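Peer 1: Sequence isn't available, so here's the structure alone:
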């Protein structure tokens with residue numbers, strides 16, 4: 001872990017957050033969603049309304065073996 005980041009552990013998941021981003025992420029909810037076609041992290045910040053930043057998704061590709 002770098003000195004400019006803090007580690008958050010919840011439900012067995014470790015997330016590293018840069019100290020500069022902590023105020024921006026305050027109250028942000030993160031969820032991991034999977035369906036047949038994709039899997040993605042979804043971020044929802046109830047404090048930000050009416051902008052594209054209020055809800056964002058980060059997709060990860062899944063491969064079938």
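Peer 2: Everything's here; your move. These figures come from a predicted structure and were not determined experimentally.
Peer 1: When you work out contacts or count neighbours from here on, use the C-alpha atoms and nothing else.
Peer 2: Fine.
Peer 1: What segments of the protein are strands?
Peer 2: For the chain, strands defined by DSSP state E occupy the ranges 5-10, 13-18, 29-34, 39-44, 55-60.
Peer 1: which regions of the chain sit below the pLDDT cut-off?
Peer 2: Along the chain, the model assigns pLDDT under 70 to residues 1, 50-65.
Peer 1: where's the nearest residue to residue 31 once chain neighbours are set aside relative to residue 21, distance?
Peer 2: Excluding its sequence neighbours, the residue lying closest to residue 31 (CA to CA, 6 or more residues apart in numbering) is residue 42, at 5.2 Å. Separation of residue 42 from residue 21 (CA to CA, to the nearest Å) stands at 17 Å.
Peer 1: and what of residue 2?
Peer 2: From residue 2 to residue 21 the distance is 14 Å (CA to CA).
Peer 1: Kindly report the same for residue 3.
Peer 2: 14 Å.
Peer 1: ditto for residue 47
Peer 2: 15 Å.
Peer 1: on that earlier part again, what residues are bridge-paired with the residue nearest to residue 31?
Peer 2: residue 31, residue 57 (DSSP bridges).
Peer 1: For it, grab the count of nearby residues.
Peer 2: The number of residues packed near residue 42 is 15, by other CA atoms under 10 Å.
Peer 1: Would you agree it is in contact with residue 30?
Peer 2: Yes: when contacts are counted by CA atoms under 8 Å, residue 42 is listed as touching residue 30 (5.6 Å).
Peer 1: I'd like to know how many residues surround residue 30.
Peer 2: 14.
Peer 1: Can you say which of the strands of the chain is packed in most?
Peer 2: Sort the strands of the chain by mean neighbour count, taking mean count of other CA atoms under 10 Å, and strand 39-44 sits at the top with a mean of 16.
Peer 1: helices or strands next to it in the packing?
Peer 2: strand 29-34, strand 55-60 (3 or more CA pairs under 8 Å, 6 or more residues apart in numbering; DSSP states H and E).
Peer 1: could you check the angle strand 29-34 makes with that strand?
Peer 2: 160 degrees (axes from the mean of the first three to the mean of the last three CA atoms, to 10 degrees).
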